[in-house]
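Peer 1: for reference, the sequence and a predicted model appear below.
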Number of protein chains: 2
Amino acid sequence: MKYVFGVDIGGTTVKLGLFDEKGELLDKWEIPTDKSDKGKNIVGDVCDSIRKKISDKGVTFSDVLGVGVGAPGAVDEDGVMTGGAVNLGWDVFNLRTAMEEKLDGIRVIAGNDANVAAYGEMLKGGGKGHKNVVAVTLGTGVGGGVIIGGKLITGATGAAGEIGHIRVDDVETAKCNCGHTGCLEQFASATGIARLAAKRLSADDKASVLRNADTLDAKAVFDAVKEGDEVAVEIAREFGMYLGKGLASVADVVNPEVFVIGGGVSKAGEILLTFVEPEFEKFVFPPCKGAKFTLATLGNDAGIYGCAGMILSENS
Amino acid sequence: MKYVFGVDIGGTTVKLGLFDEKGELLDKWEIPTDKSDKGKNIVGDVCDSIRKKISDKGVTFSDVLGVGVGAPGAVDEDGVMTGGAVNLGWDVFNLRTAMEEKLDGIRVIAGNDANVAAYGEMLKGGGKGHKNVVAVTLGTGVGGGVIIGGKLITGATGAAGEIGHIRVDDVETAKCNCGHTGCLEQFASATGIARLAAKRLSADDKASVLRNADTLDAKAVFDAVKEGDEVAVEIAREFGMYLGKGLASVADVVNPEVFVIGGGVSKAGEILLTFVEPEFEKFVFPPCKGAKFTLATLGNDAGIYGCAGMILSENS
């Protein structure tokens, strides 16, 4: 039997998975992310944890096909973190070779965390059975991953799939974290939905259960939608318009078979898609119509599945 | 020696090229496009012309590696014209198998005309030396082709690269040919620039050489820009803003190394890029900055080069 490791490095914890050669998850665990000293211990901690698992399981080193690793930053095809990783304290360095050195030359492939999660969703989650997939992560921000012909697109500087920064509004004056205005992320992320909600509630006095919400967040909005709250439905429609419009631009470029919607906001469930899909159809170039919309199904495991998949696709 | 044919089917003429196995053009010629009877003679005419060239040149059939063909419509990976080809009168059919039948099984690969031209520009033209290229054709409309890792992206329905229909303006009320409003094509095509010019001239009485232009088209605008005409510069700036904004969205999705600008409008030369590049930099997600802008160099031959290249990439 051959083995593969998937490693998803996050700002708080590192998720690790041991997979068999068919991509089935055999074991998963976490270690804390040590961000002290500009995160210089992280690579060593991860490699120690992999070595320990190899030893504990009695696996032969030569039976490990490789380690796939995802990190929160742009990663080019050689494994270089081209802009470092702000959330980990990392400067620019080659993550792949750094890990290979500590793992006695076991093959390592590195990718951006959102991209590898997208790849995982294509392989085993909401995009299963498709080869042209755009995964959209609606979390604190809006991230994405573009998969064409079963292969993840990295881009010239490792920044492909950064669809949260497509401009979808010309009149917005508030600034996005990236420094621009009118980015998709400002309307379709968890933060964006909370902003749309606050703005809508302050516009008039129309009755809404949202006025009594403990926290005016995406969850509160979609919970209220499910109760039939009219103001919440208006907010969800505005969110859907922006996301549909942004994804229409994505489809004009890469024409995917399916959009897989994940991230915290997607916990609202299928009802979320009913606000997005009709708006997408309204904005997209007619020959690109009919793309499917599904929900991500792997949750926090998408990254480790995608990481393992990067190694397995080389060996298939 | 091995040979490859490239065939670019247009609404008026079909361009054909005979290439060697290194992709060097040995001979090129044209035949008229017979659009009578819903274009049913076109495939036969093309195949007859190829057979005649094989015979005239004394080439052995088995030395022909294949025929690449581009056609004006969406083409999926199997060679199916998924929406037919309006300009040729074609309904939905499989262009690849239709040609293979008439060519005694010589390998055929079919693609969208704008996409294969983009591929040609990557191989031998303005994108030479790069593997991640977006080619932009500014003609009557705005077309495009997206190449990632040296491979052309087709998309789920063959409509990838239709970047002319990215929405770049929310207030436009005039309709695009696709039925939507605010499409990039409405501002950055030859037609679009003429429209921007007419609108600007009617806005006030500011002096401009354009007021005496025989035809108020893209050429007149950029000729006037070269003379330092202030009104023409304003029009070019507006064009550049829209194109820069649209291409920024493209970069957020696929993060290319280079944009290759072609089509009739690009005959204005390098000065055109000076209006686009700064606007692109202004709108694009910062990690995607620094993409190069070049002009297409193959003109009308881009299609046949790209068609030949599709066959050669299979044999390399």
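Peer 2: Yes, it's here.
Peer 1: quick one: residue A:12 from residue A:47, how far?
Peer 2: Between residue A:12 and residue A:47 the distance is 19 Å, computed by CB to CB, to the nearest Å. For the C-beta atoms, the positions are set from N, CA and C on the backbone; glycine is no exception.
Peer 1: which one of these two has more residues nearby?
Peer 2: Legend: neighbour count by other CB atoms under 10 Å in any protein chain shown for residue A:12 and residue A:47, higher for residue A:47 (21 against 9).
Peer 1: what comes up buried for the helix or strand harbouring the more buried one?
Peer 2: Using DSSP states H and E, residue A:47 falls within helix A:42-56. Neighbour-count burial for helix A:42-56 flags A:42, A:43, A:45, A:46, A:47, A:49, A:50, A:53, A:54 (criterion: 16 or more other CB atoms under 10 Å in any protein chain shown).
Peer 1: the fourth one contacts residue A:7, doesn't it?
Peer 2: If I follow you right, that is residue A:46. Yes - applying CB atoms under 8 Å as the test, residue A:46 and residue A:7 come out as touching, 5.7 Å apart.
Peer 1: so what sits against both of those two?
Peer 2: Counting by CB atoms under 8 Å, 6 or more residues apart in numbering or on different chains, the common neighbours of residue A:46 and residue A:7 are A:14, A:16, A:69.
Peer 1: can you give me the pLDDT of the last one?
Peer 2: Predicted confidence (pLDDT) for residue A:69: 98.
Peer 1: shouldn't it be within a helix?
Peer 2: No - read with DSSP: H, G, I helix; E, B strand; the rest coil, residue A:69 is strand and lies in no helix.
Peer 1: spatially nearest residue to it (excluding sequence neighbours)?
Peer 2: Excluding the flanking residues, the one nearest residue A:69 by CB to CB, 6 or more residues apart in numbering or on different chains is residue A:7, at 4.4 Å.
Peer 1: again with the first one
Peer 2: Across the structure, with CB to CB, 6+ apart as the measure, the residue nearest residue A:14 apart from its sequence neighbours is residue A:31 (5.1 Å).
Peer 1: just give me the neighbour total for that neighbour.
Peer 2: 17.
Peer 1: put the buried members of the shared contacts of residue A:46 and residue A:7 into a ChimeraX selection.
Peer 2: ChimeraX command restricting the shared contacts of residue A:46 and residue A:7 to the buried ones, with burial defined by 16+ other CB under 10 Å:
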select /A:14,16,69
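Peer 1: of the shared contacts of residue A:46 and residue A:7, just say which sits nearest to chain B.
Peer 2: Checking the shared contacts of residue A:46 and residue A:7 against chain B with CB to the nearest CB, the nearest one is residue A:69 at 19.5 Å.
Peer 1: would you mark the buried spots in the one helix or strand residue A:233 maps to?
Peer 2: Using DSSP H and E, residue A:233 sits in helix A:230-254. Across helix A:230-254, burial judged by 16+ other CB under 10 Å covers A:231-232, A:234-236, A:238-254.
Peer 1: filter these by proximity to chain B?
Peer 2: By CB under 8 Å from any CB of the partner chain, the members of those lying near chain B are A:245, A:248, A:249, A:250, A:252, A:253, A:254.
Peer 1: can you check the pLDDT for the first one?
Peer 2: Looking back up the chat, that one is residue A:245. Residue A:245 is assigned 98 on the pLDDT scale.
Peer 1: close to chain B: what parts of the stretch 101-250 of chain A are there?
Peer 2: Contacts of the stretch 101-250 of chain A with chain B, taken as CB under 8 Å from any CB, map to A:132, A:146, A:148-149, A:151, A:153-163, A:165-167, A:169-171, A:178-180, A:245, A:248-250.
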